[in-house]
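>>> I would like to see how this sequence folds:
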Amino acid sequence: MLFERFVFEMRRAVKIRIYPDAAQQAQLTDQWGAVRFVWNKALHAMSHQWRVHGRSLDPKHDLKKLLKIAKASRRYGWLAEHDSMALQQALINLGKARRAFFEKRARYPRFKSRHGRQSSYHCSGRIACGMDDSGHLKGNGWITLPKMPGRIRANIHRPIEAAWGLKSITVTRSKTGKVFATLLFETGEAAPDLPKVIDEDAVLAGDLGLASYMVTSRGEKIANPRHVARAAKKVSRRQKALSRKKKGSSNRAKARHSLARAHEDLVNARSDFQHKLSRAMVDESQATGLETLRVKNMMKNRRLARAIGDAGWSAFAGQVAYKAAWSGKPHVRIDPWAPSTKLCACCGVRNDSLALKDRVWTCVCGAHHDRDINAAINIRQMAITELRATGYSVRRGNAGTSLEAA
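Here you go, the predicted structure:
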């Protein structure tokens, strides 16, 4: 079992939509091009050194010092016209991607294209807008960026405390052409203390699956929305339309934009579902528990890979974890080898003959089990055991409310 306790500085990120004018849009495009250029050049140098000379280069340490030399040269002097911190951050990000590859957590870094998602990081800037009735920053306002002409109009749809300190601004452009700014704030707030006494009935656990997205320890089954299957026809139709268009034509650009919108709608629908479900799970419990799935191994099943990727279990588990930490509630991750499915929740006898096709089964003690509900109850019991082992007092309490509304 893995007991998760986040130790972090209280920071808040708010993603807002911004509306640059023609001159600002051109400047942002040049900024993204410079960041992309630095990434691609550094990736080429890193790959060439390893392939030809067998030497490993770290972009953060070995190539970062060359950026200053490049900006002073005649050939690459145009890089000095852009925010230096954004260019340095591109090398830092490439170093993280390289390290993730060698740690076998990700694939080898790839070259960036001007047709994909664009982003740049800025550690300085300003934000301003009006205040609502509660004294929070909210409404139409503006942001400023280094070496960017004028103020960029912004729609701040979420309330922001006036006392928060702006730490950084990350400007991104989606494939559909929408421009967003992610504002990272230092709140100055202390991380909430975790409680020492927890009601046993208020511990909520979930078993993740495909037939049902999640089955809770209270017996509730959350239906799997299957976003990819729902959007498959629309995506396929727009993909075929794109393939028929002549390369370089304006109609192909329109078809590419239409396809990107279909994918963006799919991603937004999945994210909305996961955020609402994770928020309901945390709010309606005093402690949460989830199983740890080895999604990378499960994706090797070619029959289920698309459905597993669509479910996004890892993203959902991460959302539950950080929302529980923000709310000051413990979150427990169960060991992936724990026999949550084959163990009888009534007597504890293990049924090793249980197959994947068996959705219901009867224990030797006479208890009749639904496979998924039994697994969720076992995950809850394992979470309670882990909470008690880490010093929490778990006592009998009142049951929480239902998640069906989520």
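>>> local confidence estimate at the spatially closest residue to residue 192 that is not a sequence neighbour?
In this structure, residue 192 finds its nearest non-sequential neighbour in residue 328, 3.1 Å apart by Cβ to Cβ, 6 or more residues apart in numbering. Glycine gets a C-beta too; all of them are placed from N, C-alpha and C. Looking at residue 328, its pLDDT reads 89.
>>> just to be sure, residue 328 is in a helix?
No - under DSSP: H, G, I helix; E, B strand; the rest coil, residue 328 sits outside any helix and is assigned coil.
>>> burial measure for it, as a count.
12 (other Cβ atoms under 10 Å).
>>> before we move on, what about residue 311?
Residue 311 has 26 neighbours, counted by other Cβ under 10 Å.
>>> list the contacts of it.
Counting by Cβ atoms under 8 Å, 6 or more residues apart in numbering, residue 311 makes contact with 208, 210, 213, 224.
>>> how long is stretch 50-61 from one end to the other?
Stretch 50-61 stretches 16 Å from its first residue to its last (Cα to Cα, to the nearest Å).
>>> how far is that stretch from where the chain is centred?
30 Å (Cα atoms, centre = their mean, to the nearest Å).
>>> then stretch 89-99?
So, by Cα atoms, centre = their mean, the centroid of stretch 89-99 is 18 Å from its chain's centroid.
>>> list the buried residues of it.
89, 90, 91, 93, 94, 95, 97, 98 (16 or more other Cβ atoms under 10 Å).
>>> do the same with stretch 164-179
Residues of stretch 164-179 classed as buried: 164, 166, 168, 169, 170, 171, 172, 173, 174, 175, 176, 179 (neighbour count, 16+ other Cβ under 10 Å).
>>> residue 273: which of those is nearest?
residue 174 (19.4 Å; Cβ to Cβ).
>>> check contacts around that closest one.
If a contact means Cβ under 8 Å, 6+ apart, then residue 174 has 117, 180, 260, 264 as its contacts.
>>> what's the answer for residue 77, then?
Neighbours of residue 77 in contact, by Cβ under 8 Å, 6+ apart: residue 71.
>>> how close does it get to residue 43?
Applying Cβ to Cβ, to the nearest Å, the value for residue 77 to residue 43 is 22 Å.
>>> same check on residue 232?
Here residue 232 is placed at a distance of 34 Å from residue 43 (Cβ to Cβ).
>>> separate out the buried members of the contacts of residue 311.
Among the contacts of residue 311, the ones that count as buried by 16+ other Cβ under 10 Å are 208, 213, 224.
>>> could you dump those to CSV with pLDDT, distance to residue 198 and secondary structure?
Converted to CSV, the buried ones among the contacts of residue 311 look like this (pLDDT from 0 to 100; distance: Cβ to Cβ, whole Å; DSSP: H, G, I helix; E, B strand; the rest coil):
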residue, pLDDT, distance to residue 198, secondary structure
208, 93, 23, strand
213, 95, 26, strand
224, 94, 30, coil
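>>> got those as JSON lines, with distance to residue 303 columns?
JSON lines is the format used below for the buried ones among the contacts of residue 311 (distance: Cβ to Cβ, whole Å):
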{"residue": "208", "distance to residue 303": "18"}
{"residue": "213", "distance to residue 303": "19"}
{"residue": "224", "distance to residue 303": "16"}
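>>> nice, that's everything, thank you.
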